[in-house]
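Participant: Coordinates for the following, if possible.
(one chain, ligands or ions: 1)
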Amino acid sequence: MEISLDKVATSVLFVIMTSLSCMILNWVWLRPKYLERCLRKQGLVGNSYRLFFGDTKDSSMMIKQACSEPIELSGDIVPRVLPFEHHTVKHYDGSCELDVWPYLENLSSDVISRAAFGSSYKEGRRIFELQKEQAQLVVKVGQSVYFPRLRFLPTKTHRRMKEIEREVQDLLMGIIKKREKAGKGRNDDLLGILMESNSREIKEFSNKKSVRMSIKEVTMILNEALRLYPPAALLLRIIHKETKLGNLIIPAEVEIALLTILVHHDYELWGENAIQFNPKRFLEGISKVTKGQVSFFPFGGGPRICIGQNFALIETKMALSIILQNFLFETSSSYAHAPCSIITVQPQFGTHIILHKI
Ligand code: HEM
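Facilitator: Down below sits the predicted model:
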């Protein structure tokens with residue numbers, strides 16, 4: 001029997017098209033429906049792909065609920081951008097009013113860039129600028145209508161996100177390669193220490209698969225700030241295989257969102273004054289106030305706990321002590337308390353304070 005090439009090509013195309021249609025149907029319709037049913041059967045809140053351990057899906061709503069002051073500003077609280085260079089207004093009594101938020105952003109990216117990349121800190125700072133833009137785009141995408149696999153479409157936003165990812169990767173690889181080329185000698189920054197420890201580990205464990213990398217009131221205040229406004233307002237995890245969590249059975253592929261900010265503001269866990277800023281609650285330490293429960297986790301927990309925890313706390317204490325040695329400060333009437341979440345929790349209209357030189 002003679003089989004024409006045309007017939008073979010048509011059959012192959014038919015099989016490919018049918019398989020593709022089945023896959024798309026499965027992604028877009030069957031699988032989400034199945035997951036939705038599994039979750040609903042157990043009375044769980046969430047959509048088919050994301051399961052929220054908390055009351056609401058909307059993060060800005062969540063933060064709004066969690067904040068002690070309303071985010072919608074009434075007529076008498078008007079956020080304003082301070083007019084002069086660097087948002088600073090000098091007063092006649094020698095004090096000075098400024099929005100410290102851009103300075104604090106600058107400080108933390110400068111500190112981490114210098115600590116991580118040493119002399120390459122300028123490149124490090126570019127990475128932070130890109131990451132900031134990326135955070136805005138992630139939020140934009142997160143607020144659009146959810147449709148499975150939509151992230152694969154080459155929209156303008158998705159393309160820019162990819163570009164940023166590539167540029168960050170290239171910058172990082174460039175810094176690493178430059179260091180490799182310069183050879184041994186520099187280990188007074190994080191990158192140098194990591195590279196040295198990495199090459200030591202590679203030498204020592206070359207035939208093994210895994211290569212491992214390796215003041216009280218102020219503490220209290222930092223803890224309380226981290227409790228009320230945890231920079232990472234939620235933790236996300238993807239379930240890879242069906243998992244039993246207490247009485248719940250969570251199907252594979254569901255994403256779990258653990259809303260840190262809601263746990264940190266829970267009246268049952270923190271008492272009637274849960275949403276008030278009261279550093280004294282940490283007087284006897286974290287384990288005492290949490291009664292040994294996992295109810296305070298601004299840096300996450302378990303194997304993926306924040307590796308920068310001590311770094312961040314030391315940096316904050318050092319910055320605060322330098323400021324306090326030079327200035328007294330008070331909140332300006334221009335400040336509007338409106339925390340919002342753009343990947344991290346941050347002040348929506350800046351942080352206006354009045355500094356008095358000591
Ligand atoms: C106030 C400052 C900070 C807060 C509140 C914070 C919070 C967190 C949280 C909640 C996680 C866990 C995320 C998850 O489980 O999904 C995390 C992970 C991480 N953090 Fe931080 N972080 C801070 C500063 C830093 C700094 C300064 C660095 C770097 C020097 C850093 C590096 C990391 C890294 C590398 C991870 C991922 C660890 C892993 O997945 O194994 N963080 N952070």
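
Participant: what helices or strands is the one helix or strand Ser341 maps to leaning on?
Facilitator: Ser341 belongs to strand 339-342 when elements are defined using DSSP states H and E. Other helices and strands packing on strand 339-342, by 3 or more Cβ pairs under 8 Å, 6 or more residues apart in numbering; DSSP states H and E, are helix 59-66, helix 121-143, strand 344-347. Where you see a C-beta, it was placed from the backbone N, CA and C, and this is true even at glycine.

Participant: Rebuild those as a markdown table, extending it with mean pLDDT and mean neighbour count.
Facilitator: Below are the helices and strands packed on strand 339-342 laid out as a markdown table (pLDDT from 0 to 100; neighbours: other Cβ atoms under 10 Å):
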| stretch | mean pLDDT | mean neighbour count |
| --- | --- | --- |
| helix 59-66 | 51 | 19 |
| helix 121-143 | 81 | 15 |
| strand 344-347 | 87 | 18 |
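
Participant: And these: which comes nearest Ala225?
Facilitator: strand 344-347 (10.3 Å; Cβ to Cβ).

Participant: Determine the set of other helices and strands touching that closest one.
Facilitator: Looks like strand 344-347 contacts strand 339-342 (3+ Cβ pairs under 8 Å, 6+ apart).

Participant: try 10 Å
Facilitator: helix 59-66, helix 101-117, strand 339-342 (3 or more Cβ pairs under 10 Å, 6 or more residues apart in numbering; DSSP states H and E).

Participant: Which one of the ones you listed lies nearest to the ligand?
Facilitator: Closest approach to the ligand among these is made by helix 101-117 (5.6 Å; Cβ to the nearest ligand atom).

Participant: tell me the angle of that closest one relative to helix 121-143?
Facilitator: Using axes from the mean of the first three to the mean of the last three Cα atoms, to 10 degrees, the direction of helix 101-117 lies 120 degrees away from that of helix 121-143.

Participant: residue in the stretch 251-358 of the chain nearest to the ligand?
Facilitator: Closest point on the stretch 251-358 of the chain to the ligand, by Cβ to the nearest ligand atom, is Gly308, at 2.0 Å.

Participant: tell me the contacts of that residue?
Facilitator: Gly308 makes contact with 112, 115-116, 190, 299, 315, according to Cβ atoms under 10 Å, 6 or more residues apart in numbering.

Participant: rank the helices and strands packed on strand 344-347 by pLDDT, which is bottom?
Facilitator: Mean pLDDT per stretch puts helix 59-66 lowest among those, at a mean of 51.

Participant: picking that back up, let me have the helices and strands packed on strand 339-342 in JSON lines, adding distance to Leu35 as columns.
Facilitator: Listed next are these as JSON lines, based on distance: least, Cβ to Cβ, whole Å:
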{"stretch": "helix 59-66", "distance to Leu35": "21"}
{"stretch": "helix 121-143", "distance to Leu35": "19"}
{"stretch": "strand 344-347", "distance to Leu35": "29"}
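
Participant: Distance to the ligand for the ones you listed - can I get that in JSON lines?
Facilitator: Rendered in JSON lines, the data for the helices and strands packed on strand 339-342 read as follows (distance: least, Cβ to the nearest ligand atom, whole Å):
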{"stretch": "helix 59-66", "distance to the ligand": "15"}
{"stretch": "helix 121-143", "distance to the ligand": "11"}
{"stretch": "strand 344-347", "distance to the ligand": "8"}
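
Participant: what's the closest of the ones you listed to Phe14?
Facilitator: helix 121-143 (35.4 Å).

Participant: tilt between the next helix or strand after that closest one and helix 101-117?
Facilitator: The helix or strand immediately downstream of helix 121-143 is helix 156-182, counting by DSSP H and E. Counting by the same axes, to 10 degrees, helix 156-182 points 40 degrees away from the direction of helix 101-117.

Participant: Let me know the average pLDDT across helix 156-182.
Facilitator: Here the average pLDDT along helix 156-182 is 85.

Participant: which element follows that helix toward the C-terminus?
Facilitator: Past helix 156-182, the next helix or strand by DSSP H and E is helix 190-204.

Participant: Now do the helix or strand where Ile354 lies, average pLDDT.
Facilitator: Using DSSP H and E, Ile354 sits in strand 352-357. Across strand 352-357, pLDDT averages out at 88.

Participant: Can you list the strands that it pairs with?
Facilitator: Using DSSP bridges, the strands paired with strand 352-357 are strand 96-99 (antiparallel), strand 327-331 (antiparallel).

Participant: Tell me the buried residues in it?
Facilitator: Neighbour counts over strand 352-357 (16 or more other Cβ atoms under 10 Å) mark 352-355 as buried.

Participant: is it true that Lys291 touches Leu269?
Facilitator: Yes: the pair Lys291 / Leu269 is scored as a contact, 8.6 Å apart, by Cβ atoms under 10 Å.

Participant: Show me which of the two is the more surrounded one.
Facilitator: Counted by other Cβ atoms under 10 Å, Lys291 and Leu269 do not tie: Leu269 has more neighbours, with 15 against 8.
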